[in-house]
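Colleague: Any chance you could fold what I've pasted below:
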Amino acid sequence: MHKGLKITLFSGLILSFMTLCHPISVKATDSSTAIQGIVETNKITSLYTKEGSLISNRGLSSNSDWYTDRKLNHNGETYYRVATNEFTKASDVKLTFGQSKIGIVRVKAAGAVSYSRGDENFYRNGQTNFSAGTIWKYDRVGQSNGITYYQIATNIWINSDDATTAIGYQNPNGWLQIHSSQIRPVGTVGYELYNGVEGIKVWLVRRYFGLSNSHTVYDSSVINNVRNLQRKIGLPVTGIVDLATWKAMGFSESSWYNIDSYVAPLKTNEFSTRNNHIEAMISEAYRYLGQPWISGAASSPSYGVDCSGLVTQALYASGIDPAPVSAIQHAQPGNEWNSRMMWSDSRIPRINYNNRQRGDLIFYTDPSTGAIWHVGILLDKDTMIESWPYMVQVHSIYSGRGNIAGVKRVFN
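Modeller: Okay, here's the model as predicted:
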């Protein structure tokens, strides 16, 4: 009995001693799931083993991307695997999905479902669908089951079933090229008014002095009136309308610049079809309907325009910049007849008259000289929208405009 007791006590002491020297291993609480993602670092980032031990001689460089295929939860800490038995803490990195790529995507006719990306795949997030025809910039692209996903906001995606990156219509080489961003003014915004200038600012000055605007040109009658005004109010007597003289007439400083800088808002985009461009051109022309014919004018629909001014702004709206023809250039001396420049521009090819169609430009000559003096936009084979004394109107192509010189096509 005594020996047995001694053995039992001794065995217990050995067990206790062994326990103190070699603690019993308790398995950590682990869970691991497959993912397909990218971790992004913003600093030098430490690496760990799957047991959570720091790897002292390795790390991830700052501002770098690393593919991860597994997500590990170990003792309450989340890790992402970036190499064999090398993990980074979730708190040290940003998890993204897909590849970095910037582009534009347009929602198709049926609208687009909103998705988010979970660890394993994309899923419907329950947000409102995106409207047909809306355009979004994406910054990442992902793939799943043969479908492409585009990230258009933070973890908000739409896919290739519902949206397209297909580029819209572009003219052939040698034609006027189509712009997908807003066209900017060409010329000096805030130009002064002097002998020979035409356009809206001259029209307003002539009206201020009670002069006829049957032909809006800065001539000797305007110069004399301007000099008298300048002399009366103590401005330098130049006969030229500068900003100070303009404001002395009661016009605003903003109008001095805004009249010159107006370019029709772009109504098309990267995905627009040929027909979209034609309709954008025509719809912009209709905004001027009923406004007065004003020589050398090519500003906003708040004012009038002449024939080539109407065409210029209509082209702007459709994504066409016809430079050197421009709204500002048109008002400068010697550029009243921009219809002649359009007629001679090889980038707007001439077509067979019998093949004319909606959106083509039709040109006329002066019966007495044979020179080009008018242009309109065809609405159909027999009708055009134009600016002709004394207003912007829809009119037959057959009478009262001179001789038809021919038809040119803006969009192939």
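Colleague: Low-confidence regions, the chain specifically.
Modeller: Low-confidence segments of the chain (pLDDT under 70): 1-29.
Colleague: Dead centre of it: give me the residue that sits there.
Modeller: Ser181 (4.6 Å; Cα atoms, centre = their mean).
Colleague: okay, stretch 165-179 in CSV with CA atoms only?
Modeller: What follows is stretch 165-179, C-alpha atoms only, in CSV (Å, rounded to 0.1, in the frame of the first residue of the first chain):
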residue,chain,number,x,y,z
THR,A,165,-17.9,49.3,-73.8
ALA,A,166,-18.5,49.3,-77.6
ILE,A,167,-17.4,52.6,-79.1
GLY,A,168,-19.9,54.5,-81.1
TYR,A,169,-19.7,56.0,-84.6
GLN,A,170,-16.6,57.9,-85.9
ASN,A,171,-16.1,59.4,-89.3
PRO,A,172,-13.5,58.0,-91.7
ASN,A,173,-10.0,59.4,-91.9
GLY,A,174,-10.0,62.6,-93.9
TRP,A,175,-13.5,63.6,-92.7
LEU,A,176,-14.2,66.0,-89.9
GLN,A,177,-13.6,63.9,-86.8
ILE,A,178,-16.1,63.5,-84.0
HIS,A,179,-15.2,64.7,-80.5
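Colleague: Give the helix, strand or coil label for the residue nearest to the centre of the chain.
Modeller: coil (DSSP: H, G, I helix; E, B strand; the rest coil).
Colleague: which residues touch it?
Modeller: Contacts for Ser181 (Cβ atoms under 8 Å, 6 or more residues apart in numbering) come out as Leu266. Backbone N, C-alpha and C define where each C-beta goes, glycine included.
Colleague: Also the one 3 residues further on?
Modeller: With contacts taken as Cβ under 8 Å, 6+ apart, Arg184 has the following neighbours: Val263.
Colleague: Kindly report the same for Gly126.
Modeller: Ser114 are the contacts of Gly126 under Cβ under 8 Å, 6+ apart.
Colleague: how does it look with 6 Å?
Modeller: If you count contacts by Cβ atoms under 6 Å, 6 or more residues apart in numbering, Gly126 has none.
Colleague: now swap in Val105 and tell me
Modeller: Trp136, Tyr138, Tyr150, Ala163, Thr165.
Colleague: and of these, the nearest to Ala298?
Modeller: Trp136 (33.8 Å; Cβ to Cβ).
Colleague: Give me the distance from the helix or strand hosting that closest one to the chain's centre.
Modeller: In this structure, Trp136 sits in strand 135-144 according to DSSP states H and E. Offset of strand 135-144 from its chain centre (Cα atoms, centre = their mean, to the nearest Å): 17 Å.
Colleague: helices or strands up against the very next helix or strand once past it?
Modeller: Helices and strands here follow DSSP H and E; after strand 135-144, the next one along the chain is strand 147-153. Using 3 or more Cβ pairs under 6 Å, 6 or more residues apart in numbering; DSSP states H and E as the contact test, the elements touching strand 147-153 are strand 135-144, strand 156-159.
Colleague: Kindly calculate the angle that strand 147-153 makes with strand 135-144.
Modeller: Here strand 147-153 points in a direction 130 degrees away from that of strand 135-144 (axes from the mean of the first three to the mean of the last three Cα atoms, to 10 degrees).
Colleague: What lies in contact with strand 147-153?
Modeller: Looking at what lies outside strand 147-153 - Cβ under 6 Å, 6+ apart - the contacts are Val105, Phe122, Trp136, Tyr138, Asp139, Arg140, Val141, Gly142, Trp157, Ile158, Asn159, Ser160.
Colleague: and the nearest residue to the fourth one once chain neighbours are set aside, bridged to which residues?
Modeller: The spatially closest residue to Tyr138, leaving aside those adjacent along the chain, is Tyr150, at 3.9 Å (Cβ to Cβ, 6 or more residues apart in numbering). Going by DSSP bridges, Tyr150 is paired in beta bridges with Val141, Ile158.
Colleague: please begin residue numbering at 264 from this point
Modeller: Done: numbering now begins at 264, and the last item shifts to Tyr413.
Colleague: I'd like to know how many residues surround Tyr413.
Modeller: 26 (other Cβ atoms under 10 Å).
Colleague: that older thread, neighbour-wise, give me the winner out of the contacts of strand 410-416.
Modeller: Neighbour-wise, the contacts of strand 410-416 (other Cβ under 10 Å) top out at Trp420, 27 neighbours.
Colleague: neighbours of Glu516, just the number please.
Modeller: 12.
Colleague: What strand or helix carries the closest residue to it other than its chain neighbours?
Modeller: Excluding its sequence neighbours, the residue lying closest to Glu516 (Cβ to Cβ, 6+ apart) is Lys510, at 6.1 Å. Remark: Lys510 resides in helix 506-511, with elements defined by DSSP H and E.
Colleague: residues contacting Val302?
Modeller: Val302 neighbours (Cβ under 6 Å, 6+ apart): Trp329, Thr331, Tyr343, Val356, Leu358.
Colleague: can you do 7 Å?
Modeller: Trp329, Thr331, Tyr343, Val345, Thr351, Val356, Lys357, Leu358 (Cβ atoms under 7 Å, 6 or more residues apart in numbering).
Colleague: what's the farthest-apart pair in the residues you listed?
Modeller: Val345 and Lys357 (13.3 Å).
Colleague: A helix includes Leu467, no?
Modeller: Yes: under three-state DSSP, Leu467 falls within a helix.
Colleague: hang on, the earlier thing: what residues does the helix or strand that the helix holding Lys510 is followed by touch?
Modeller: Stepping forward along the backbone from helix 506-511, the first helix or strand reached (DSSP H and E) is helix 516-524. Identification of contacts with helix 516-524 by Cβ under 7 Å, 6+ apart yields Pro448, Val452, Gly453, Tyr454, Ile463, Lys464, Leu506, Trp509, Lys510, Ser562, Ile591.
Colleague: Now with 6 Å, please.
Modeller: Under Cβ under 6 Å, 6+ apart, the answer for helix 516-524 is Pro448, Val452, Gly453, Ile463, Lys464, Leu506, Trp509, Ser562, Ile591.
Colleague: What strand or helix carries Leu358?
Modeller: strand 357-359.
Colleague: partner strands of that strand, parallel or antiparallel?
Modeller: Sheet pairing for strand 357-359, using DSSP bridges, gives strand 293-303 (antiparallel).
Colleague: Buried by neighbour count: which residues of the strand it pairs with qualify?
Modeller: By 16 or more other Cβ atoms under 10 Å, the buried positions in strand 293-303 come out as Ile298, Gln299, Gly300, Ile301, Val302, Glu303.
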